[in-house]
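1. Sequence and predicted model, in that order:
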Amino acid sequence: MADANRSSRCSSLASLTFLFVIVAGSGSTLLAKAPEWLDELSRMEREADRAREAFWSARYDEAAQQFATLADSVHPSVMLYLNECAMCELARGNYGATEQRLRQVDSLLNTYYDAEREKKALSTFGAEAEKVYRGDPYEQAAAYLLLALIFLDSGDYDSALAACKSGILADSDATENLFDSDVTLLHALEAKCYLLRGEQESFRSRRDAAVKSVQLTSAQVREDFSRRQDLLELLKMSRKERREVGERRTEAEIQAELQNVSAVLERSMASIEAMSLLGPLYSGQYNVLVLVPRGRCVKKTRTGADAEIVMFHKHEIPCESPDLFLDGQAVDPGDCLPTGVDLEFQATTRGGRRMDAILRGKAVSRATTRGVGESITEVGNNVGGLAGLGVPLVGAAVQGAAGSMTAEADTRCWQTLPRKIQIYALNLPLGNHEISGTHFLYFQQRATFQRSFTLVDQHDMAVVVVPPPAYELYFRHDELNFSRRDQADLTDAAAILIPPPTGLDAIVRVNISDPDAKLEAIAPDPKRVMRTLREALTEKQMPSGLVTHEQVIASRQALAEEHNRALQCHFIEITKEGDRRNGLYQAKLTFSLVDTKTGSVLAQQTTQGMSTDVKNGPTTAFYACIQKAAEAFLQKTDFQKPQMASSM
């Protein structure tokens with residue numbers, strides 16, 4: 001019996017070996033070009049990351065030029081960069097250029113689809129990143145939403161209606177008809193288009209769809225909604241795929257749980273007062289939409305032993321809404337609708353694709369293949385002789401095939417989208433109007449914007465999309481916990497406020513003049529930077545107090561009522577010259593003394609602090625440089641009679 005089992009096992013092993021040799025042979029031509037494509041896509045993504053940094057630093061002209069260079073050629077990622085280029089144009093207020101880019105995306109989505117490359121991505125060999133980027137459902141829906149808004153602003157309501165329908169279709173997974181779109185604004189805009197066309201019955205029908213959508217995405221039902229999505233995704237997978245991801249329930253058991261979850265979801269949805277959440281979007285009685293982006297949408301990253309699992313990295317830093325003005329009068333932030341566009345929620349609930357299941361199966365296949373290869377090698381080593389000589393070579397070939405299998409998940413995503421979009425739906429009288437506003441970087445007025453428009457008749461519409469804040473300049477850190485000493489002087493009205501430094505990253509690389517020297521980097525502590533500034537002010541006998549990012553975002557105006565000035569610090573770079581004996585560190589920073597009530601810069605200086613303490617490393621030198629630079633700024637600034645801003 002043992003011999004029979006051994007014979008059967010060897011026969012199965014031989015058959016499996018033959019199968020992999022055949023597959024590996026047929027895939028060799030395919031694999032030859034894969035690294036070149038991946039290298040090129042990776043190079044473009046690095047360039048795109050620089051453009052994204054410029055975009056989120058409010059350098060829209062620079063970002064638009066970089067994205068345009070990437071978008072003006074044909075490659076698998078062209079639609080991604082067209083979308084991101086459109087966002088740059090929108091932030092610049094160039095609605096015509098935005099429409100042009102988004103029309104290109106629409107054309108490519110409908111006509112340019114490399115089926116062979118997609119087939120390659122779905123096969124055992126070839127990387128998912130080689131497929132043509134079309135975007136997840138939420139990204140396609142976002143593109144059509146923006147296009148619909150542009151058409152509404154230009155008065156092209158037929159095209160706006162078509163864009164809404166395309167966005168709803170993109171978000172609905174119509175190929176498998178498993179769920180409806182839940183982007184509420186798309187349904188509301190579709191209803192508005194029908195109202196403007198005088199089609200009352202269609203208006204009411206699409207308004208009902210908006211009601212269902214807002215019920216489906218309300219905070220109190222999201223957990224049940226997400227559970228339902230997970231169960232639907234399981235039903236889309238084959239039984240084999242479910243086993244490979246560790247799912248042991250039968251299809252009938254999954255269906256039963258889906259029915260229970262759906263029943264709970266329906267009851268919760270019925271209790272939601274959707275009409276009040278929709279506001280004017282429900283009645284259609286508005287002629288101006290103001291959209292305010294908040295935060296930054298998720299970024300995809302890889303995880304898993306074979307980098308086969310997509311994870312969504314959230315940007316958690318809160319960002320203050322801009323000060324808005326309508327015809328010179330302040331707009332109350334409380335007037336924004338309770339219902340907005342939550343793109344982060346859309347991304348994390350609409351991101352499940354069949355490709356993810358293929359990737360999970362591919363990772364399992366790779367692990368299995370490696371195991372088979374190792375088993376064959378072990379058997380060959382034990383057999384010995386000429387017959388055994390060939391077996392280790394075959395085993396090595398199978399292991400090589402496993403190394404060529406590319407389960408890495410595609411992490412390309414539209415990274416210039418906001419996390420959420422706040423909506424103001426206004427009903428203004430006919431005539432000329434202007435929406436204007438100001439973005440703040442803590443207390444400093446960072447940028448202003450304005451858009452003028454004219455409402456000619458009752459069928460006219462205007463759309464204003466506010467540019468995003470300079471989100472990239474905020475330092476990504478956990479909430480700071482200050483001591484009583486750090487904030488003791490906040491009771492003094494004369495105290496100068498010190499918010500967190502800007503321009504820093506979690507890891508800052510030191511720019512070293514010697515190309516052969518070892519790389520150096522620091523992990524800056526924002527609290528220590530702020531305390532260094534406070535000590536410099538204390539030396540000048542000026543009271544000061546530290547305030548956290550969250551305090552300023554939540555209570556900037558209240559803090560400004562109590563304190564007149566703030567000292568803000570922006571990091572630029574740190575460099576090193578020389579060696580341990582004769583070396584020198586230099587940190588370049590910009591200091592700004594800000595009028596907290598107006599946001600205007602009273603005094604500003606870009607200066608360098610130097611440290612010759614090379615022996616103790618870059619971290620010690622970094623804070624010494626900050627202290628020297630702060631002292632230089634304070635020495636040149638008359639705090640009794642602050643001057644207007646000047647760059648030095």
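-> Yes, it's here.
2. all contacts plus neighbour counts: C-alpha atoms, from now on.
-> Will do.
3. And for the residue nearest to T538 when sequence neighbours are not counted, the neighbour number?
-> The shortest distance from T538 to any non-neighbouring residue, by CA to CA, 6 or more residues apart in numbering, is to S544 (7.6 Å). Using other CA atoms under 10 Å, S544 has 30 other residues around it.
4. is S544 in a bridge, and if so with what?
-> Assessed by DSSP bridges, S544 has beta-bridge partners I496.
5. pLDDT at it, what is it?
-> Residue-level confidence at S544 comes out at 93, pLDDT.
6. Who are the contact partners of it?
-> Contacts for S544 (CA atoms under 8 Å, 6 or more residues apart in numbering) come out as 487, 489-490, 494-498, 534, 537-538.
7. Next: I254.
-> 231, 234-235.
8. And for D61?
-> Per CA under 8 Å, 6+ apart, neighbours of D61: 88, 92.
9. Quick check, H459 in contact with L196.
-> Yes: using CA atoms under 8 Å, H459 is in contact with L196, at 6.1 Å.
10. Compare the two and say which is more crowded by neighbours.
-> A side-by-side neighbour count of H459 and L196, using other CA under 10 Å, places L196 first with 18 against 13.
11. give me the low-pLDDT residue ranges for the stretch 101-250 of the chain?
-> 111-130, 173-181 (pLDDT under 70).
12. 50 instead?
-> 113-114, 117-118, 121-126, 128-129, 174-179 (pLDDT under 50).
13. repeat for the chain
-> 1-32, 113-114, 117-118, 121-126, 128-129, 174-179, 351-407, 642-648.
14. The contacts of S544 in strands, which ones?
-> Secondary structure defined by DSSP state E assigns 496-498 of the contacts of S544 to strands.
15. Between the contacts of S544, identify the one with the most neighbours.
-> Ranked by neighbours (other CA under 10 Å), the contacts of S544 are led by L497, which has 27 neighbours.
16. and the closest residue to it other than its chain neighbours, bridged to which residues?
-> Once flanking residues are discounted, L497 sits nearest to A566: 4.3 Å by CA to CA, 6+ apart. For A566, the beta-bridge assignment (DSSP bridges) gives partners L497, V594.
17. which residues touch A566?
-> So A566 contacts 443, 496-499, 593-596 (CA under 8 Å, 6+ apart).
18. and which of the ones in strands among the contacts of S544 is nearest H433?
-> L497 (36.9 Å; CA to CA).
19. For the closest one, give its distance to L232.
-> Noted for L497: a distance of 52 Å to L232, by CA to CA, to the nearest Å.
20. May I have the secondary structure class of F325?
-> Of the three states, F325 takes strand according to DSSP: H, G, I helix; E, B strand; the rest coil.
21. distance of it from Q450?
-> 9 Å.
22. shared neighbours of these two, anything?
-> 435-437.
23. Let me have those in TSV, adding secondary structure, distance to M610 and neighbour count as columns.
-> Below are the shared contacts of F325 and Q450 laid out as TSV (DSSP: H, G, I helix; E, B strand; the rest coil; distance: CA to CA, whole Å; neighbours: other CA atoms under 10 Å):
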residue	secondary structure	distance to M610	neighbour count
I435	strand	46	21
S436	strand	42	22
G437	strand	39	19
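24. Adding distance to C88, write these out as JSON lines.
-> Converted to JSON lines, the shared contacts of F325 and Q450 look like this (distance: CA to CA, whole Å):
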{"residue": "I435", "distance to C88": "19"}
{"residue": "S436", "distance to C88": "19"}
{"residue": "G437", "distance to C88": "18"}
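25. which secondary structure element contains F203?
-> Following DSSP states H and E, one finds F203 within helix 200-216.
26. what does D153 give?
-> helix 137-154.
27. For H570, grab phi and psi.
-> phi -120, psi 120 (degrees, to the nearest 10).
28. For it, name its beta-bridge partners.
-> T502, T590.
29. count of neighbours near it?
-> 18.
30. likewise the one 4 residues further on?
-> Other residues within reach of I574, judged by other CA under 10 Å, total 24.
31. which non-adjacent residue is nearest it?
-> Among residues not flanking I574 along the chain, A587 sits closest, at 4.2 Å (CA to CA, 6+ apart).
32. ok, and what's touching whichever helix or strand that neighbour is part of?
-> A587 is part of strand 584-595, with elements assigned from DSSP H and E. Identification of contacts with strand 584-595 by CA under 8 Å, 6+ apart yields 443-444, 564-578, 600-614, 618, 621-622, 625-626, 629-630, 633.
33. before we move on, back to that, show me which of the contacts of A566 is closest to E253.
-> For these, the nearest to E253 is P499 (54.6 Å; CA to CA).
34. Can you list phi and psi of the closest one for me?
-> phi -80, psi 170.
35. Give me the distance between the closest residue to it other than its chain neighbours and E539.
-> Excluding the flanking residues, the one nearest P499 by CA to CA, 6+ apart is V547, at 5.1 Å. Between V547 and E539 the computed distance is 20 Å (CA to CA).
36. neighbour count winner among the two?
-> More crowded of V547 and E539, by other CA under 10 Å: V547, with 21 against 11.
37. Tell me who's in contact with Y133.
-> Per CA under 8 Å, 6+ apart, neighbours of Y133: 76-80, 412.
38. picking that back up, make a markdown table out of the ones in strands among the contacts of S544 and add distance to T69.
-> Below are these laid out as a markdown table (distance: CA to CA, whole Å):
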| residue | distance to T69 |
| --- | --- |
| I496 | 45 |
| L497 | 42 |
| I498 | 40 |
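39. Closest one of those to D49?
-> Of the ones in strands among the contacts of S544, the one sitting nearest to D49 (CA to CA) turns out to be I498, at 30.5 Å.
40. would you list every one of the strands in the stretch 401-550 of the chain?
-> Here the stretch 401-550 of the chain has its strands, by DSSP state E, counting those that start in this stretch, at 420-426, 431-441, 444-455, 462-465, 496-498, 508-509, 511-512, 521-522, 544-546.
41. coming back round to it: okay, the angle between the strand holding A587 and strand 444-455?
-> 50 degrees (axes from the mean of the first three to the mean of the last three CA atoms, to 10 degrees).
42. Centre of the chain to strand 584-595, how far?
-> Distance, stretch centre to chain centre, for strand 584-595: 29 Å (CA atoms, centre = their mean, to the nearest Å).
43. Show me what the following helix or strand past that strand packs onto, helices and strands only.
-> Next along the chain after strand 584-595, taking DSSP H and E as the criterion, comes strand 601-611. Other helices and strands packing on strand 601-611, by 3 or more CA pairs under 8 Å, 6 or more residues apart in numbering; DSSP states H and E, are strand 584-595, helix 617-636.
44. most neighbours per residue, which of those?
-> Comparing the helices and strands packed on strand 601-611 by mean neighbour count (mean count of other CA atoms under 10 Å), strand 584-595 comes out on top with a mean of 23.
45. Take that strand, keep the C-alpha atoms, and write them as CSV.
-> Extracted C-alpha coordinates of strand 584-595, given in CSV (Å, rounded to 0.1, in the frame of the first residue of the first chain):
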residue,chain,number,x,y,z
LEU,A,584,29.0,72.1,9.4
TYR,A,585,25.2,71.6,9.4
GLN,A,586,22.9,74.3,8.2
ALA,A,587,19.1,74.4,8.4
LYS,A,588,17.1,76.8,6.3
LEU,A,589,13.7,78.0,7.7
THR,A,590,11.2,80.7,7.1
PHE,A,591,9.8,82.5,10.2
SER,A,592,6.6,84.6,10.0
LEU,A,593,5.1,86.9,12.6
VAL,A,594,1.4,86.9,11.8
ASP,A,595,-1.5,89.1,12.8
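46. so how far is L70 from K131?
-> Taking CA to CA, one finds K131 at 17 Å from L70.
47. Check A91 too.
-> For A91, the distance to L70 - CA to CA - is 19 Å.
48. again, but for N511
-> Taken as CA to CA, the span from N511 to L70 is 28 Å.
49. Kind regards, and thank you for your time.
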